[in-house]
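Colleague: I'd like to go over a predicted model; first the sequence, then the structure.
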Amino acid sequence: MSSEQWTALVGASLSLALAVGPWMFKVHAKLAVIASKCADLCEQLETAAVDQRQLWETTHQHRSRLDTHEVQLTHLEQRPRDAR
C-alpha cells in the first residue's frame, strides 16, 4: 500500500472513531446508570424478602396465639356448663 492509501485509511478510521466515539460514551453512560439501578433494585428486593419473611413469622406467631386463645376460651366456656 502506498502512503496515500495509508493516509486515507488512517483518516477514515479516525473520522469514524470521532463520529462514533461520543455516541459510544453516551451509550456506555446509560448502561452504567441502568446497571446501577438494577443493583439497587436487587438490594431492595432482598430487603423486601427479608421483611416479608419476618412478617410471615410474626403473622404465624399471632395465628398460633389466636388458636391457643380460642382453645382457652372454649375451656373457660365449658367450665360453667360443667359446674351446673
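Modeller: Cool, got the structure. Source: prediction; values computed, not measured. Numbering: from 1, shown residues only.

Colleague: How much space separates residue 50 from residue 59?
Modeller: 15 Å (C-beta to C-beta, to the nearest Å). For glycine as for every other residue, the C-beta is placed from the backbone atoms N, C-alpha and C.

Colleague: count of residues packed around residue 13?
Modeller: Using other C-beta atoms under 10 Å, residue 13 has 10 neighbouring residues.

Colleague: and what of the one 10 residues further on?
Modeller: Around residue 23 sit 9 other residues, with neighbours defined as other C-beta under 10 Å.

Colleague: Could you measure from it over to residue 17?
Modeller: 11 Å.

Colleague: So, low pLDDT: which residues of this protein?
Modeller: 84 (pLDDT under 70).

Colleague: What helix or strand is residue 68 located in?
Modeller: Using DSSP states H and E, the element containing residue 68 is helix 3-83.

Colleague: That helix: how far from the chain's middle?
Modeller: Helix 3-83 sits 1 Å away from the centroid of its parent chain (C-alpha atoms, centre = their mean, to the nearest Å).

Colleague: if I look at residue 39, how far off is residue 1?
Modeller: 48 Å.

Colleague: More neighbours: those two, which one.
Modeller: Higher neighbour count among residue 39 and residue 1: residue 39, with 10 against 7, using other C-beta under 10 Å.

Colleague: any idea how far residue 72 is from the more buried one?
Modeller: 50 Å.

Colleague: swap in residue 59?
Modeller: For residue 59 relative to residue 72 (C-beta to C-beta), the value is 20 Å.

Colleague: before we move on, what about residue 30?
Modeller: For residue 30 relative to residue 72 (C-beta to C-beta), the value is 62 Å.

Colleague: got it, and residue 38?
Modeller: 51 Å.

Colleague: can you check residue 36 too?
Modeller: The gap separating residue 36 from residue 72 is 54 Å, by C-beta to C-beta.
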